[in-house]
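Student: predicted structure and sequence below. I'll ask about it afterward.
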Amino acid sequence: MELEQAKRRFIDSWGALGSQWGINRTMAQIHALLMISPDSLSMEEIMEDLSISRGNASMNLRGLMDWGIVHKEFKPGERKEYFYGEKDLDELAVKIARERSKREIKPALKVLKDVSSIDPGASSEKKYFTEQTGKLYDFVSKADNMLEKATEYKDNWLAQLVLKIMR
């Protein structure tokens, strides 16, 4: 397999995986392209490489910057903006986990807390409902706390030790 073929296959596969971690295909493809590019790329280079419009590139680059996994830089003497992806895979995983928690888990926790705190009253159906949603809230809350602890690995000696063992 040639390098260009391998790049295209990686970008397409990363794009397909994007929907599984909460972003659209084009956003994931831009991220993949920037992640494997040794140098930062201009918006025009990204548009050309992925055959996408300026608006699509701009919107998705903004989204990736909001996630903190793509950064903008300016080159001296250039008027164009250049973009590069996060290269540190540990940091990338932490940023994605934190963003997913903020966008998905925290809102779910709020809903679970609200619905499990209704007055159970005398109805067995209400009691069952509040009991089950309360259990679910506790479980998701514990999972979110574990995720928070895992993403604080730089400050946590135990997590650093686990990461060293895994490598």
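Tutor: Structure's in. What do you need?
Student: ok, Arg9 - contacts?
Tutor: Contacts for Arg9 (C-beta atoms under 8 Å, 6 or more residues apart in numbering) come out as Met1. C-beta here means a position set from N, CA and C on the backbone, and glycine is covered the same way.
Student: tally of neighbours for the residue nearest to Phe10 when sequence neighbours are not counted?
Tutor: Excluding the flanking residues, the one nearest Phe10 by C-beta to C-beta, 6 or more residues apart in numbering is Ala32, at 6.1 Å. Using other C-beta atoms under 10 Å, Ala32 is surrounded by 21 other residues.
Student: Ala32 contacts Ala16, correct?
Tutor: No: between Ala32 and Ala16 there is no contact under C-beta atoms under 8 Å: 10.3 Å.
Student: what's the burial count for Gly134?
Tutor: 16.
Student: so which helix or strand takes in Lys72?
Tutor: According to DSSP states H and E, Lys72 maps onto strand 70-74.
Student: neighbouring strands - and their directions - for that strand?
Tutor: Using DSSP bridges, strand 70-74 pairs in its sheet with strand 81-85 (antiparallel).
Student: got the CA coordinates for the partner strand in CSV?
Tutor: This file holds the C-alpha atoms of strand 81-85, laid out as CSV (Å, rounded to 0.1, in the frame of the first residue of the first chain):
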residue,chain,number,x,y,z
GLU,A,81,-4.3,30.9,9.4
TYR,A,82,-2.7,27.4,9.9
PHE,A,83,-4.1,24.6,11.9
TYR,A,84,-2.5,21.6,13.7
GLY,A,85,-3.9,18.7,15.6
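Student: for whichever helix or strand comes after that strand, name the packing helices and strands.
Tutor: Using DSSP H and E, the helix or strand that follows strand 81-85 in sequence is helix 89-100. Under the contact definition 3 or more C-beta pairs under 8 Å, 6 or more residues apart in numbering; DSSP states H and E, helix 89-100 sits against helix 54-67, helix 124-151.
Student: good, we can wrap up now.
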